[in-house]
Every structure is written in C-alpha cells, then in structure tokens.
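Undergrad: Below are the sequence and a predicted model; questions follow.
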Amino acid sequence: MRYFPLITNIIRNISSSLMAKSKFEYVKQYETEEKLLPNCWIVVRIDGKGFHKFSCKHTFTKPNDTRALHLMNKAAATVMQEYKDIVLSYGVSDEYSFILRKETALYNRRKDKLMTYLNSLFTSSYVYFWKDYFHDVKLKYPPSFDSRVVLYPSNEELRDYLNWRQADCHINNLYNTTFWALVLKSGLTNIEAEQKLSGTVSSDKNEILLSEFGINYNNEPELFKKGTILLRKKIKHPVHEKQRHVIYPFHEDLIQDSFWKKNTNILKGEVSQDYDCSEVDKLPELVMQQLHLNNALLKEDVKE
Ligand SMILES: Nc1nc2c(ncn2[C@@H]2O[C@H](COP(=O)(O)OP(=O)(O)OP(=O)(O)O)[C@@H](O)[C@H]2O)c(=O)[nH]1
Ligand SMILES: [Mg+2]
Ligand SMILES: [Mg+2]
C-alpha cells in the first residue's frame, strides 16, 4: 500500500499531459491558408538575396558569369522536373519565374505550399549542384532566395509579364556590358563609367561598344541578351530513338508572336510539346545530362 501515492502520482502526470495536449491544441485555429484564385496563371518568382555581395564573394565574371547562369538553369530545371504543372520558366541574372498552368490543382492551389516548395527545392538544388558548375570555387556561405506569387487572369497579361522580364534582361545586359567594358577595358572608375552612361539611350551604348571596343552587341551570346526560357519538350533520344521528356533551354525572343506560334502548347496549358532537335551534336548540356549522355559517349554511340 505504501506504493499507492507513487502510482496515483504517475497516473495524475499521464492524465495531465494528455489533457495538456488538448488544452494547447486550440492554437491550431490561428493558422490560416490562402487559396489562389481559380482560373488564373500562377507565377512564382524567386530572386537571390544580396547577390551583388554573393557574386563578389564568389568572384563571378563581370558582367555575366556563365557558370552561375547555367547553375540557375540547372536548379530551375530540377524544379520543373518535380512539378509537371510548370509549363514555362524564365530566368535571368539571380531570378527565375515559374509559370504554372491556369487549371493546376497542385496542393489545392494553397499559396504557402506552392511558394515554399518551389523556393526550397530551387535553393537546395542551387547548393546541391554548385560544385558541378563552380568546381574548385568553394561555396562560402549558404545563399537564400526570396519568392512571391503573382496571379494573371488573362493570356495577354501573362505574356506582358514575361515581356517585362525579358525587356528588363535586355536593358540591364546592354547597360552592364557597356559599363564593364568601360571599367575593365578603358580603365574608367565605376563612377566615371556611370557618369558617361547617364542619360544615354540604347543606340548610344551600342555605338560606344562598337566604336570604342569593336563589340557588336548583336553578336553577344543569346544567353546573356535573352535570358533562358525552359520548356518541357518531347524529343527523340539520339541513341535509342525512344521518345523522352526533357526540360529544354531556349534563348529566344519571347516578346515576338513567332515564339508563341511555335510553342502553342503553353497558352493551352498543355505541359509539353514534341520538338524536333535534328542537330544531335548541338544538344544543350542541360539536356545531355537528362539523357545521361556526355559528348564522348554520344559521338561513339552515334557512329555505331
Ligand atoms: N558579376 C556578376 N554579377 C551578377 C551576375 N548575376 C547576378 N549578379 C549580381 O546580382 C545582382 C542581382 O540584382 P538584384 O537581385 O537586383 O540585387 P541583390 O544584390 O540580389 O539584392 P536583393 O535581390 O534585393 O536581395 C546584380 O546586380 C549583380 O550584382 C553575374 O552573372 N555576374
Ligand atoms: Mg537579388
Ligand atoms: Mg535580381
């Protein structure tokens, strides 16, 4: 009988902790969830936090670092492979926009779920694949990205959104190309270069590039001038000829109607389209990786 008080104590403790669970659970009611409007295009745009500093710390090439841009594309392609309702992604500099088809029912269109899953998969992929693009350049600290969701009710607004981002890419790239030519090739200070460019229009910058540096801006890489459009395409595997879905990078003008006439599936909300990539040896590296091919292997296989 002398154990009785001990046992009652234990029972009291267990029951009070059980009660505590239900007593505290009311806080769950404070959670809210936002469902995105039906029948609207969903755009999730992510952007690197403080990439001005990040690019300096990791000695990115100025004004464009091809390794960094390809790493961004790899991270975005990883997101598209996971989320099939993304019909198009557009990337430039330290940002990427993901376009989900109007009808998507992914996570019941819960805003928090969509935004945080896309962002965290992008961010972890950026870190995960870092060494494949930067090799012996060590990642000095963990990068992070912000994200926002924007809804567009019409195709016209969606197209204008993408036009806006690509026009921004063009304006910034023309400015940066001229600015860094003045600093790195003519020895101007940053302030002098800024002063020289203030008040100039596009044609003035084209003229400076051509007359002072012999650079024809039109011949700059499309990756820099247009950014990257990722689309899901069905292509014929170059070796065993089976149809395969891949995320394919394009560096084209999406402001033109011709882009939308070629890629009719996007506005219809169809997630992929057949693509005839007849020039096998010109397959982008990003696609080669998805087909588990490397250049040497491909050449051998194609010869056979
Ligand atoms: N050198 C170099 N810098 C780059 C490259 N891509 C992006 N950056 C840098 O990243 C910056 C991105 O611009 P923002 O996103 O407006 O600025 P941020 O510093 O990231 O600041 P927040 O986005 O407001 O956190 C550019 O201004 C560049 O400094 C690149 O290829 N080469
Ligand atoms: Mg940024
Ligand atoms: Mg940015």
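TA: Received, thanks. Residues are numbered from 1 along each chain as shown. Ligands and ions are numbered 1, 2, ... in the order given.

Undergrad: Tell me how many other residues surround Lys23.
TA: Neighbour count for Lys23, taken as other CB atoms under 10 Å: 9. C-beta here means a position set from N, CA and C on the backbone, and glycine is covered the same way.

Undergrad: SS state for it?
TA: helix (DSSP: H, G, I helix; E, B strand; the rest coil).

Undergrad: which stretch of helix or strand covers the spatially closest residue to Ala167 that is not a sequence neighbour?
TA: Spatially, and ignoring its direct neighbours in sequence, Ala167 is nearest to Ile255 (7.1 Å; CB to CB, 6 or more residues apart in numbering). Using DSSP states H and E, Ile255 falls within no helix or strand.

Undergrad: Near ligand 2, which residues of this protein are found?
TA: Taking CB under 5 Å from the ion, the part of the chain that reaches ligand 2 is made up of Asp47, Gly48, Phe51, Asp94.

Undergrad: Just the ones of these in strands?
TA: Asp47, Gly48 (DSSP state E).

Undergrad: Now narrow the residues of the chain next to ligand 2 to whatever sits close to ligand 1.
TA: The subset of these within reach of ligand 1, by CB under 6 Å from any ligand atom, is Asp47, Gly48, Phe51, Asp94.

Undergrad: Show me where the stretch 151-300 of the chain dips below the pLDDT cut-off.
TA: Applying pLDDT under 70 to the stretch 151-300 of the chain flags the ranges 278-281, 295-300.

Undergrad: can we see that at 80?
TA: Where the stretch 151-300 of the chain drops to pLDDT under 80, the residues are 278-281, 294-300.

Undergrad: Give me the packing partners of whichever helix or strand Glu156 is part of, helices and strands only.
TA: Using DSSP H and E, Glu156 sits in helix 155-184. Applying 3 or more CB pairs under 8 Å, 6 or more residues apart in numbering; DSSP states H and E, one finds that helix 155-184 makes contact with strand 41-48, strand 86-92, strand 95-100, strand 145-152, helix 190-197, helix 202-213, helix 222-226.

Undergrad: picking up where we left off before, out of the residues of the chain next to ligand 2, which one sits closest to Leu182?
TA: Distance to Leu182 across the residues of the chain next to ligand 2 (CB to CB) is lowest for Phe51, with 22.2 Å.

Undergrad: That closest one and ligand 3, how far apart?
TA: Separation of Phe51 from ligand 3 (CB to the ion, to the nearest Å) stands at 6 Å.

Undergrad: Check Leu162 too.
TA: 16 Å.

Undergrad: ok, how many other residues are close to that residue?
TA: Neighbour count of Leu162, defined by other CB under 10 Å: 22.

Undergrad: Could you save the residues of the chain next to ligand 2 as TSV and add columns showing pLDDT?
TA: Below are the residues of the chain next to ligand 2 laid out as TSV (pLDDT from 0 to 100):
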residue	pLDDT
Asp47	98
Gly48	98
Phe51	98
Asp94	98
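
Undergrad: Mark which of the residues of the chain next to ligand 2 are buried, thanks.
TA: Buried members of those, counted by 16 or more other CB atoms under 10 Å: Gly48, Phe51, Asp94.
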